[in-house]
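Asker: I'd like to go over a predicted model; first the sequence, then the structure.
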Amino acid sequence: MSIFVPNGKAQQEQMLDVIGVGKFEDLLTPIPESVHLKGELDLPSPASELELLKEFKGFAAQNSSSNLVCFRGAGAYDHYIPSAIDNILTRSEFLTAYTPYQAEVSQGTLQSIFEYQTMIARLTGCDAANACMYDGSSAVAEAALMAIRATRKKRILVSGALNPRTIDVIHTYMGNGDFEINEVPFGTDGLIDLEAADQLAEGGVAALVLQYPNYFGSIENVQAAADLIHRHKGLLVVAADPVALGVIEAPGRLGADVVVGEGQPMGVAMSYGGPYVGFMATNARLLRKMPGRIVGRTEDRAGNTGYVLTLQTREQHIKRAKATSNICSNQALMALANVIYLTLTGETGFTEVAKQCWHKSHYLHDRLLETNGVTDVFDVPFCREFVVNLPVSAEDTASAMKEKGYLAGLPMPCLGDGAMMLTATEKRTREEIDGFVEALDQYIRGAV
């Protein structure tokens, strides 16, 4: 039967009989009655193609990252994306190459994944990387589960200075299992409280998860965190910003056991939240504990180079009980965007992007501190992001700046009514930064 033709009443009854239920609603009993849909969906009336295009163009016009000068980050960044990336990605041999099920005839896809793994391993300072994850947050959660498998302990420590959305994803992943998640507070300097982590680690934990640089942009002491958790026989999982790794030491060389992160800053558009691509790398000792797949390079009997799926731990490839994850796909197209981006920029160009982000963020920071009433929230070295305290409401300021053509930083109510986190990528010019600061200063003077 065609997948586009619905099942008739007789076929539905036959299917329900095989399952062993009397009616379709019996399948919904695990779902609380309070969330059941009553009546029809609240959908607009049908529209023509012309009408739909007009409506969706209107939605696209509201994309603030394209219409406003962006100073917001918090996990999604307004970087320059070379035109060549989309030009290559949309070629049919890449766009339609979903996943290498017949690996021996998917040499192009396998080679691109192999190159991706090599680049990520070098960037993170680890021995090997897998064939990518869904996104950065789920990669962190998968790494935590990986640590649980490796140590056979069911408790993890999570830094309170980790992106709160990532913390939510970790709780979602582990919410139905026999796991325990302890959050380690951050201190007045915005860095993880290592003394508190040391106390919480007593009794044994699978891993300590921290962000580098952390959610506030502050640069954590990865080496100290690694020494601490290793004393307790646990693993260190580091969620790293790939662009920041162009100017700060790779966590794999500082003692991190697993390094994960979000590849969006490397040639992937913000796209209102996705599709993104998570990366994961680890040391050789933990290689077989990684979820997903690993592509390897070899030679055939004639001496020709070939690429193979060396490690396949997906539930589609092995017994479900032995699978390391329910990851049933990979973000190969977005990973390819990372490969093209890193190839086009090269090591020198990528480092230059990172340096420009560093210097422009610090220039923005210094200019803001010259503004009436603006102060630092954390007085520690930062990379990429930083948090300042405004003498007025951060929420009101963000709205006012939007009217002036700027997407200001992210209000941080957890740090105070005036707290705002900002960043500046390589796209921001001196004129844009100065213009934003002047507009902000004018608004503050009028509001105070």
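Answerer: Looks like it arrived, so ask away.

Asker: got a list of what the residue most central in space within the chain touches?
Answerer: The centre of the chain sits closest to Gly136, judged by C-alpha atoms, centre = their mean, with a distance of 2.4 Å. Neighbour list for Gly136: 75, 166, 239, 260-264, 276, 278-279 [criterion: C-beta atoms under 8 Å, 6 or more residues apart in numbering]. Where you see a C-beta, it was placed from the backbone N, CA and C, and this is true even at glycine.

Asker: could you pull out the strands for the stretch 51-200 of the chain?
Answerer: Assignment of strands within the stretch 51-200 of the chain using DSSP state E, counting those that start in this stretch yields the ranges 69-70, 128-129, 155-159, 180-184.

Asker: and which of the contacts of Gly136 is nearest Glu403?
Answerer: For the contacts of Gly136, the minimum distance to Glu403 (C-beta to C-beta) is 24.9 Å, reached by Gly75.

Asker: rewinding a little: columns mean pLDDT on top of the strands of the stretch 51-200 of the chain, output as TSV?
Answerer: Converted to TSV, the strands of the stretch 51-200 of the chain look like this (pLDDT from 0 to 100):
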stretch	mean pLDDT
strand 69-70	95
strand 128-129	96
strand 155-159	98
strand 180-184	97
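
Asker: With distance to Ala400 added, can I get those in CSV?
Answerer: Shown next, in CSV, are the strands of the stretch 51-200 of the chain (distance: least, C-beta to C-beta, whole Å):
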stretch, distance to Ala400
strand 69-70, 14
strand 128-129, 43
strand 155-159, 33
strand 180-184, 34
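
Asker: would you turn those into TSV with mean neighbour count and distance to Gln356?
Answerer: Formatted as TSV, the strands of the stretch 51-200 of the chain follow (neighbours: other C-beta atoms under 10 Å; distance: least, C-beta to C-beta, whole Å):
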stretch	mean neighbour count	distance to Gln356
strand 69-70	23	15
strand 128-129	24	26
strand 155-159	24	28
strand 180-184	17	33
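
Asker: And those: which comes nearest Leu28?
Answerer: Minimum separation from Leu28 across those (C-beta to C-beta) falls at strand 180-184, 30.0 Å.

Asker: Packing partners of that closest one?
Answerer: Strand 180-184 sits against strand 155-159, helix 164-174, helix 194-200, with contacts defined as 3 or more C-beta pairs under 8 Å, 6 or more residues apart in numbering; DSSP states H and E.

Asker: ok so, going back, any figure for the gap between the residue nearest to the centre of the chain and Arg165?
Answerer: The gap separating Gly136 from Arg165 is 9 Å, by C-beta to C-beta, to the nearest Å.

Asker: and Val5, how many neighbours?
Answerer: When neighbours are counted by other C-beta atoms under 10 Å, Val5 registers 7.

Asker: ah, wrong one, I meant Asp241
Answerer: So Asp241, with other C-beta under 10 Å, has 25 neighbours.

Asker: From what I see, it and Gly217 are in contact.
Answerer: No: judged on C-beta atoms under 8 Å, Asp241 makes no contact with Gly217 at a distance of 9.0 Å.

Asker: quick one: common contacting residues for these two?
Answerer: Residues touching both Asp241 and Gly217 (C-beta under 8 Å, 6+ apart) are 383-384.
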